[in-house]
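Asks: how does the following fold in three dimensions:
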Amino acid sequence: MAKTSLHITNGDVLTTYLNELDILGEKLTWQEMLCEGPTLLNIDSDAFFNARLAFFNAHYNIDLDVNAFKNEIDKLNHSEKYSEIILWFEYDLFCHINMIAVINLIKQKKIHLPIYLVCSGRIQGTKNLKGLSELSPEQLSNHYKEKVKLSNNDINLVSTIWDIYCGKDHNLLKPFIIKSSAFKYLSNCLKAHLERFPSYKSGLNILEKNILEIVRDNTIKSKHHLLGYALNYQGYYGFGDMQIQRIIEKLSLFFIEDSDSLVLNRNGFETLLNQRNISTSIANNMIYGGVNVADFQFNKQQNKLVKTIVNGD
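Replies: Numbers count the residues shown, from 1 in each chain. A predicted model of the protein is given here:
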C-alpha cells in the first residue's frame, strides 16, 4: 500500500478547508488550547488528560471530550502508513503552544518521519496578520508549496521549550526569544507569553491592559461589542471567544455598564495610570503549563518574571 501524508491541523475549520481544496492525505485535527491550564511532559497519558479535563471543567464549565481527542491522536500510533507529517499552525501563541506539544508528542512516540510546517502570518500587501483559514485558496496552496522542513535542531529546540513550559521557571524561555529557527513567529509568541503574567506595577497583564484601553479610547456599547474589538486587537495571542469573554468578565469591576454603553469607572482609570495594583482584586488562579500565574509578575524594566511579593520567600 502506498504511503500518504499526515496533515495535523489547528482545528476543524482548517481541516474542512483542506478537504475542500482536495489536499491529499489523512487529516488529524488538534482540538486543544494548551496555552491555558496545566500541562505535563508526557502528553499521551492518563495524568495529562485528567489534568486537562479538570481544567476545562473548573475554568470554562466544559466537559472535555477526551475520547474524541484520544481517537484523533491515535493516528500517530500508525506512523507506518505515512511518508511525512505536515503541521498546519499559525503565527499566534495559541497555535504555537499547541504546535510545540504536537512536535513533542511525535518525538515521544519515536516517530522518525520528515516533519514540515505550514505557518501563516504576514501576507504581502496586507496590513494584518492572517490565519490559515483566512487565506484564499491560492494563498493557502502557495503556503503549502513553500512548507518548511524542520531540522533536528528545530525539533530539539521545541522539545526544550516544552520542558520549560511544563516546569516552574518560565524565565528560562528568554534565551529562545533571540534564537533563530524555522519558527519565524516563535520569538513574538514567547515574548507575548511572558507579558501575559500580571504587571508588577498595575497587576494587569498585557491583554487585560489592552481591553481596558479599548474601553477608554473607544465608544463601546456592550460587553459583546468589546469582545469583537478585543478579538481583533490582541496581537500575537490568538485567543478565542471564550478565553476573551472570561477575561472581560474578570475585568467587570472596572466597568460602568448600562443598556447602551460600557465605560471605565474610577478604579479602571487609576489602574491604567499605575496608581493602584489590582492583583488582589482579581483572583487569578490560571495556570500556564507548570506555573500558577499568581506566583509571578512581569517586570517590564527587567524584562523578566519576578516572584509575587506575597508569595516570595
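
Asks: so Ile278 touches Lys201, yeah?
Replies: No. Counting by Cβ atoms under 8 Å, Ile278 does not reach Lys201; the two are 10.5 Å apart. C-beta: built from backbone N, CA, C; applies to glycine.

Asks: who's more crowded, these two?
Replies: Ile278 (20 against 16; other Cβ atoms under 10 Å).

Asks: what sits against the more buried one?
Replies: Applying Cβ atoms under 8 Å, 6 or more residues apart in numbering, we find Ile278 in contact with Ser202, Gly203, Leu204, Asn267, Thr271.

Asks: same check on Glu146?
Replies: Glu146 touches nothing, counting by Cβ under 8 Å, 6+ apart.

Asks: and it, how close does it get to Gly11?
Replies: 22 Å (Cβ to Cβ, to the nearest Å).

Asks: what bits of the stretch 201-313 of the chain have low per-residue confidence?
Replies: Within the stretch 201-313 of the chain, the set of residues satisfying pLDDT under 70 comprises 283, 310-313.

Asks: skipping its backbone neighbours, what lies nearest the residue nearest the centre of the chain in space?
Replies: Taking Cα atoms, centre = their mean, the centroid of the chain lies closest to Phe94, which sits 1.7 Å from it. Nearest residue to Phe94, sequence neighbours excluded (Cβ to Cβ, 6 or more residues apart in numbering): Gly238, at 3.6 Å.

Asks: and the one you found, how many residues sit next to it?
Replies: Around Gly238 there are 25 other residues, counting by other Cβ under 10 Å.

Asks: report the secondary structure state of it.
Replies: coil (DSSP: H, G, I helix; E, B strand; the rest coil).

Asks: for it, what are its contacts?
Replies: Gly238 is in contact with Glu90, Tyr91, Asp92, Leu93, Phe94, Cys95, Gly131, counting by Cβ under 8 Å, 6+ apart.

Asks: so what does the first one have for phi and psi?
Replies: In this case it means Glu90. phi -100, psi -170 (degrees, to the nearest 10).

Asks: how about the contacts made by it?
Replies: Neighbouring residues of Glu90 by Cβ under 8 Å, 6+ apart: Asn10, Cys119, Ser120, Gly121, Gly131, Leu132, Gly238.

Asks: thinking again about what came up before, surely the residue nearest to the centre of the chain is within a strand?
Replies: No. According to three-state DSSP, Phe94 belongs to no strand; its state is helix.

Asks: tell me who's in contact with it.
Replies: Counting by Cβ under 8 Å, 6+ apart, Phe94 touches Met33, Cys35, Tyr237, Gly238, Phe239, Gly240.

Asks: which residues in this protein form strands?
Replies: With DSSP state E, the ranges of strands along the chain come out as 4-9, 26-29, 37-38, 82-88, 115-118, 148-149, 255-257, 262-264, 287-289, 291-292, 296-299, 304-307.

Asks: can you lay out those strands as TSV showing distance to Asn61 and mean neighbour count?
Replies: Formatted as TSV, the strands of the chain follow (distance: least, Cβ to Cβ, whole Å; neighbours: other Cβ atoms under 10 Å):
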stretch	distance to Asn61	mean neighbour count
strand 4-9	26	21
strand 26-29	23	18
strand 37-38	14	20
strand 82-88	29	21
strand 115-118	34	20
strand 148-149	39	14
strand 255-257	22	16
strand 262-264	24	19
strand 287-289	17	20
strand 291-292	20	18
strand 296-299	27	20
strand 304-307	29	15
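
Asks: just give the number of residues close to the nearest residue to His96 once chain neighbours are set aside.
Replies: Leaving aside its sequence neighbours, His96 sits nearest to Cys189 (Cβ to Cβ, 6+ apart; 4.3 Å). Neighbourhood size, Cys189 [other Cβ under 10 Å]: 25.

Asks: mind checking pLDDT for Cys189?
Replies: We have a pLDDT of 97 for Cys189.

Asks: one more: Asn153?
Replies: For Asn153, the pLDDT comes out at 96.

Asks: now for it: which residues touch it?
Replies: Here Asn153 is in contact with Ser181 (Cβ under 8 Å, 6+ apart).

Asks: sorry, back to before: pull the most distant pair out of the contacts of Glu90.
Replies: Spanning the widest gap among the contacts of Glu90 are Asn10 and Gly121, at 13.0 Å by Cβ to Cβ.

Asks: Gln108 contacts Leu40, doesn't it?
Replies: No. With contact defined as Cβ under 8 Å, Gln108 does not reach Leu40; the gap is 11.3 Å.

Asks: how close does Leu157 get to Pro198?
Replies: From Leu157 to Pro198 the distance is 28 Å (Cβ to Cβ).

Asks: out of the two, which sits in the more crowded spot?
Replies: Here Leu157 and Pro198 are compared on neighbour count by other Cβ under 10 Å; more neighbours surround Pro198, at 25 against 21.
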